[in-house]
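*Asks:* My questions are about this predicted structure, shown below with the sequence.
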Amino acid sequence: MKRDFLFSYYQTPRGEVLRRQETDYLQRSITVSCKQTILQIGALGWETELIDCTLYKYYTVLDARGLGDPAVKKIRAEASCLPLQCDSVDMIILPHFLEFDPCCLRTMREVERVLKPEGTLVVVNFNPWSLRIRYEYLWERQKHDAWSGHFISRTRVIDWLKLLNFEVILFTEFNAKSVRSTHGKFMDNCYSLSASAYAIKAIKRRYNIIPLTPVCEAAPRLALANSINPATRVGS
């Protein structure tokens, strides 16, 4: 399984802390109505900790192996070819999926296709510059080569989102002791080598071109120099 590294890391003490932090973050990120459609690409197994399945009846997990919490609706399909209509989903969550997906660019295009305009996208990835994550990665490779993925930096993800007309509104880092979020212009300067993972929240923008109507040029008119006081001209 491609995501064995993720679940094995969650079993470690630091991974357990990261799992709780990401769970709390995703709980706060789900701000859409319970009647709107939410799609999670990549199963975690504890989806009921994120949402109340009896309230969010349109929460669906898409996984190629059909994994996920038994109480959540599931779709068994590939993320690079989503079996969904265009502009049909209100929110999409990608929890540690892109770094294990060999077709991540195609998946991002599919996400843009099925997400509604002004819809919300949440991406969670490992921090590629974290020394702890690099150590765990090398340790897993030595044990049973369970990584089968690739690290993706947050700058690359932001570049992909900009190309797909997404506006990044929130950047969050998960440290061992705290969670730090930044907005707006401060987003480019914040980056921590000690963070185990990061999350990016973005909004899909749909820009429509407004055609300009042609302006008819008016015929030029002649005006007399002393036309303000014609009586003065007659008297003189």
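*Replies:* Everything's here; your move.

*Asks:* Now for the residue lying closest to V17 once chain neighbours are set aside: which residues touch it?
*Replies:* In this structure, V17 finds its nearest non-sequential neighbour in A176, 6.1 Å apart by C-beta to C-beta, 6 or more residues apart in numbering. C-beta: built from backbone N, CA, C; applies to glycine. Applying C-beta atoms under 8 Å, 6 or more residues apart in numbering to A176 gives the contacts R14, V17, S194, S196.

*Asks:* Let me know whether my guess that A176 is in a helix holds.
*Replies:* No: according to DSSP: H, G, I helix; E, B strand; the rest coil, A176 belongs to no helix; its state is coil.

*Asks:* any idea how far R132 is from it?
*Replies:* As judged by C-beta to C-beta, to the nearest Å, A176 and R132 stand 8 Å apart.

*Asks:* Next one, pLDDT for the residue nearest to V17 please.
*Replies:* Model confidence at A176, given as pLDDT, is 80.

*Asks:* before we move on, the earlier item: mutual contacts of A176 and R132, please.
*Replies:* Shared contacts of A176 and R132, counting by C-beta under 8 Å, 6+ apart, come down to R14, S194, S196.

*Asks:* where do the helices sit along the protein?
*Replies:* 4-10, 13-29, 104-114, 131-143, 154-163, 230-235 (DSSP state H).

*Asks:* Would you mind putting those helices into JSON lines with mean neighbour count, mean pLDDT and distance to L94 alongside?
*Replies:* Below are the helices of the chain laid out as JSON lines (neighbours: other C-beta atoms under 10 Å; pLDDT from 0 to 100; distance: least, C-beta to C-beta, whole Å):
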{"stretch": "helix 4-10", "mean neighbour count": "20", "mean pLDDT": "86", "distance to L94": "13"}
{"stretch": "helix 13-29", "mean neighbour count": "16", "mean pLDDT": "93", "distance to L94": "11"}
{"stretch": "helix 104-114", "mean neighbour count": "18", "mean pLDDT": "96", "distance to L94": "7"}
{"stretch": "helix 131-143", "mean neighbour count": "14", "mean pLDDT": "70", "distance to L94": "18"}
{"stretch": "helix 154-163", "mean neighbour count": "16", "mean pLDDT": "93", "distance to L94": "10"}
{"stretch": "helix 230-235", "mean neighbour count": "8", "mean pLDDT": "52", "distance to L94": "78"}
